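J.: one predicted model, sequence on top.
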Amino acid sequence: MNVIDIKDPSFLKALSIKELESLSEEIRAFLMSSLAETGGHLSSNLGVVEATIALHKVFDSPHDKIIFDVGHQTYTHKILTGRANQFATLRKTDGLSGFLKRSESQHDCFEAGHSSTSLAAGAGMLYAKNLGANLGHVIMFIGDGALASGPALEALNFIGHDAQKHPIIILNDNEMSISKNIGHLSRMLTKIRMRKSLRRLRKTTGKLIPKPFRNLTLKVEKRIRGFISGHSYFEDLGYTYFGPLDGHDYKSLLKVFEIAKKEAQPCVIHIRTQKGRGYPHSEKDTVGSWHGVSPFNIETGEPIKPQNGVKSYSKIVAEYLTQKAALESFYVITPAMMSGSELREFQVAYPQRFIDVGIAEQTALTMASGIGLNHIKVFVSIYSTFLQRAYDAILHDLARHDVHAVIGIDRAGLVGGDGETHQGIYDIPLLYHIPNMTIAHPKNAEEMYGILQYAFNEHKGVIAVRYPREFVPAIELDISKSLAIPPSWERLTDGKTVTLITFGTHIESLTRIIKERKLPITLINARYLKPLDINILKTIDSTKPLLIVEESTLNGGLGSVIISYFADQNIRFPKIKRLGFDDCFVPQGDRETMLMRYGLDVDSILEEAEKLYET
Ligand SMILES: Cc1ncc(C[n+]2csc(CCOP(=O)(O)OP(=O)(O)O)c2C)c(N)n1
């Protein structure tokens, strides 16, 4: 069968194991050729082809609810539910989502993008079922990386206590998060795997051992087994535990899924899969380079458009940290995003000062407080979108203690293909009202170094430095030549008819165009969003219109704070206009297109300024 022709998963019921195996091969080949064109979450998807097919064969979606954690590994699910023909648009503007999307299919029963929500969502569905919601089995499919995160562990603890409900948790254990997994849960899973291997070893070698010695070896083995595994973690939490199974072997998958279907108790099915299976480059990956990829050449594994001559802001920050670490000791913490935040080089150079806490954003920020309270410097690298998970840790644990800590907010602003769930446009209001908080957003790489110098060397409390998912020319910056830039704004042009306050990377183009075209605009770089630069605000001509632009949600953003300031001073402007995202979730799409759509590209900003001074 051509995968493009698949309409829904019902055809799987009639397929034999041989046929399922050849379908897996076709799906893998389709995924590889399709993702080579579009990019996407390659490794996670190649690993779960058999498990997804087996789930859809045994269960009846959409009546049975299959909730995939994060949703980044759902490409096979998308194919089986009739979306293969949309794969050319994967993660593109107005295209197929890279995650589950309820508006795409009735088989997508819950949407995510952030990890570790599937168990709680599934628990909610079971409670809804109890009050009469018409749904069948509830299956939560979660990776070993996501299971180790707080929200998943909380739900695991909660669900297991209720023997009346029947959640089916599929634990997809590939020993990887994006990079190698960390933590004790991961070690415990290794022990469970070893226990199974020991059992198998005993079966095969037992007969070879002369009879008088068999009892002795059994005793030794029992001792080793007790030492290695103890009771099963999941059984102790109230689950019937199945596994570990080979997650690529249909015979075992189908058998155990069928048994679990009939179980009346909460159960965990532990499957072992190989991340990146079927493609040598991704099979070998241990650092996460193939977790999410841009378009690549299948033969060589090389990216189609290598980013020559440019560097990401993440890389600029990582280079600063590496240079800084040669001068003094401090910690860098990441919640599982070493690869995306380009911290690999730092980790290799300073492994003792690099902490990957796994998908544990709150832990990352509270740990930073513990470190900072002991007068040791600490940098937490975190994506804007995942910072949402750490709000309380920042407010309650860091800012309230007024600890010195630097938070690097990566992916601030629009993020492109990851879309709605990952947009970095909500952190400004989230942080702004927190006392003791300083927030910066440099306009370019040099300014980034200057702000980081201030943040590390002179600042006393919590400071967040935002930077976008954008590239800059690959210049080498030298920390020794970077002067600290303390909280202040800069006036870049002096025009007579309108004042434009903004921050971020479009400032350079705006400055250039305003100067070239001699536009009558006063342009102000609000490189510190908090505190406001009152000295500069006092110089603004309130008889002229004011335009405030931010690549952020407007509610509670910089514009609203500036307007509040002027209102408090009883200063009125003839006109004030704010540009940003107005109370909305912004869908996926390439950055430039989406900025244009929302009127935030350089041309639209200047047009808006022009309208203000013409009226
Ligand atoms: C709250 C949150 N933090 C970080 C991420 C980024 N992220 C996406 S997938 C992933 C790894 C998940 O690992 P695992 O659950 O083992 O799934 P696998 O990709 O290995 O199948 C991470 C860290 C996220 N989606 N959500």
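T.: Nice, I can see it. Numbers count the residues shown, from 1 in each chain.
J.: C-alpha only now, for contacts and for neighbours.
T.: OK.
J.: quick one, domains of this structure?
T.: 44-74+97-278, 310-481, 490-614 (automatic domain parsing).
J.: by proximity to the ligand, which residue of the stretch 401-550 of the chain wins?
T.: For the stretch 401-550 of the chain and the ligand, the shortest gap (CA to the nearest ligand atom) falls at residue 422, measuring 8.3 Å.
J.: list the contacts for that residue?
T.: Residues in contact with residue 422 (CA atoms under 8 Å, 6 or more residues apart in numbering) are 113-114, 385-386, 415.
J.: what is the least confident helix or strand in this protein?
T.: One helix or strand of the chain scores below all others by mean pLDDT, DSSP states H and E: helix 211-229, with a mean of 49.
J.: following that one, which helix or strand shows up next?
T.: The helix or strand immediately downstream of helix 211-229 is helix 233-236, counting by DSSP states H and E.
J.: gap between that following helix and the chain center?
T.: A distance of 29 Å separates the centroid of the chain from that of helix 233-236, by CA atoms, centre = their mean, to the nearest Å.
J.: kindly report the same for stretch 498-514.
T.: 30 Å.
J.: got the CA coordinates for that stretch in PDB?
T.: In PDB, the C-alpha atoms belonging to stretch 498-514 read as follows (Å, rounded to 0.1, in the frame of the first residue of the first chain):
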ATOM      1  CA  VAL A 498       7.200  60.800  15.800                       C
ATOM      2  CA  THR A 499       9.000  58.800  18.500                       C
ATOM      3  CA  LEU A 500       9.500  55.100  17.900                       C
ATOM      4  CA  ILE A 501      10.500  52.900  20.900                       C
ATOM      5  CA  THR A 502      11.400  49.300  20.300                       C
ATOM      6  CA  PHE A 503      13.900  46.600  21.000                       C
ATOM      7  CA  GLY A 504      15.500  43.700  19.200                       C
ATOM      8  CA  THR A 505      17.300  42.800  16.100                       C
ATOM      9  CA  HIS A 506      15.200  44.900  13.600                       C
ATOM     10  CA  ILE A 507      16.700  48.100  15.200                       C
ATOM     11  CA  GLU A 508      19.700  47.900  13.000                       C
ATOM     12  CA  SER A 509      17.700  48.000   9.800                       C
ATOM     13  CA  LEU A 510      15.400  50.600  11.200                       C
ATOM     14  CA  THR A 511      18.300  52.900  12.000                       C
ATOM     15  CA  ARG A 512      19.900  52.400   8.600                       C
ATOM     16  CA  ILE A 513      16.600  53.100   6.700                       C
ATOM     17  CA  ILE A 514      15.600  56.100   8.900                       C
END
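J.: mean confidence for it?
T.: For stretch 498-514, mean pLDDT is 98.
J.: which residues sit against it?
T.: So stretch 498-514 is contacted by 441-444, 492-493, 519-527, 540-541, 544-550, 601-602, 606, 609, 612-613 (CA under 8 Å, 6+ apart).
J.: for the ligand, state which of the contacts of residue 422 is nearest.
T.: The shortest approach to the ligand among the contacts of residue 422 belongs to residue 114, at 3.4 Å (CA to the nearest ligand atom).
J.: which SS class is that closest one?
T.: At residue 114, secondary structure determined by DSSP: H, G, I helix; E, B strand; the rest coil is coil.
J.: residues contacting the closest residue to it other than its chain neighbours?
T.: Nearest non-adjacent residue to residue 114, counting by CA to CA, 6 or more residues apart in numbering: residue 70, 5.4 Å away. Counting by CA under 8 Å, 6+ apart, residue 70 makes contact with 99, 112-118.
J.: if we use 10 Å, what do you get?
T.: Residue 70 makes contact with 99-100, 110-118, 141-143, 146, 421, according to CA atoms under 10 Å, 6 or more residues apart in numbering.
J.: got it, and residue 54?
T.: The neighbours of residue 54, taking CA under 10 Å, 6+ apart as the test, are 12-13, 17, 20, 48, 247-255, 257-258.
J.: tell me the confidence at the closest residue to residue 356 other than its chain neighbours?
T.: Closest residue to residue 356 apart from its sequence neighbours, by CA to CA, 6+ apart: residue 334 at 4.9 Å. pLDDT for residue 334: 98.
J.: so what's residue 334 up against?
T.: Neighbour list for residue 334: 341, 343, 354-361, 364-365, 379-383, 408 [criterion: CA under 10 Å, 6+ apart].
J.: in helices only, show me the residues you listed.
T.: Under the assignment DSSP state H, these contribute 361, 364-365 to helices.
J.: out of those, which is most surrounded?
T.: residue 365 (30 neighbours; other CA atoms under 10 Å).
J.: isn't it up against residue 382?
T.: Yes. Assessed by CA atoms under 10 Å, residue 365 is found in contact with residue 382 at 9.5 Å.
J.: need the overlap of contacts for those two.
T.: Common neighbours of residue 365 and residue 382, using CA under 10 Å, 6+ apart, are 333-335, 390, 407.
J.: now the helix or strand harbouring residue 170, how far from the centre of its chain.
T.: Under the criterion of DSSP H and E, residue 170 resides in strand 167-173. Between the centre of strand 167-173 and the centre of its chain there are 21 Å (CA atoms, centre = their mean).
J.: write out the residues of the stretch 101-250 of the chain neighbouring the ligand.
T.: Within reach of the ligand by CA under 6 Å from any ligand atom, the stretch 101-250 of the chain has these residues: 113-115, 142-146, 174, 176-178.
J.: make a ChimeraX selection of the buried ones in those.
T.: The buried residues among those can be selected in ChimeraX (16 or more other CA atoms under 10 Å) with this line:
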select :113,114,115,142,143,144,145,146,174,176,177,178
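J.: quick one: low-confidence parts of this protein?
T.: Scanning the chain with the threshold set as pLDDT under 70 gives 193-231, 615.
J.: go with 50
T.: Scanning the chain for pLDDT under 50 picks out 218, 220-228, 230.
J.: what helix or strand is the closest residue to the ligand within the stretch 501-615 of the chain located in?
T.: For the stretch 501-615 of the chain and the ligand, the shortest gap (CA to the nearest ligand atom) falls at residue 588, measuring 15.1 Å. Here residue 588, judged by DSSP H and E, is contained in no helix and no strand.
J.: next one: stretch 491-500 to chain centre, how far?
T.: Distance of stretch 491-500 from the chain centroid (CA atoms, centre = their mean) equals 38 Å.
J.: may I see the buried residues of it?
T.: Applying a neighbour-count criterion of 16+ other CA under 10 Å, one finds 492-495, 497-500 buried in stretch 491-500.
J.: same check, this time on stretch 98-111
T.: 98-101, 107-111.
J.: just the CA trace of that stretch, in CSV.
T.: Below are the C-alpha coordinates for stretch 98-111, written out as CSV (Å, rounded to 0.1, in the frame of the first residue of the first chain):
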residue,chain,number,x,y,z
GLY,A,98,4.7,19.2,13.8
PHE,A,99,2.7,18.3,16.8
LEU,A,100,-0.8,17.0,17.5
LYS,A,101,-3.5,19.4,16.3
ARG,A,102,-7.2,18.9,17.1
SER,A,103,-8.2,21.0,14.1
GLU,A,104,-6.3,18.6,11.8
SER,A,105,-7.9,15.3,12.8
GLN,A,106,-10.4,13.7,15.1
HIS,A,107,-7.6,11.3,16.0
ASP,A,108,-5.7,14.1,17.7
CYS,A,109,-7.5,14.2,21.0
PHE,A,110,-5.1,16.5,22.9
GLU,A,111,-2.5,19.1,21.8
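J.: which ones are touching residue 495?
T.: Counting by CA under 10 Å, 6+ apart, residue 495 makes contact with 514-515, 518-523.
J.: before we move on, what about residue 342?
T.: 312-319.
J.: before I go, just wanted to say thanks for your time.
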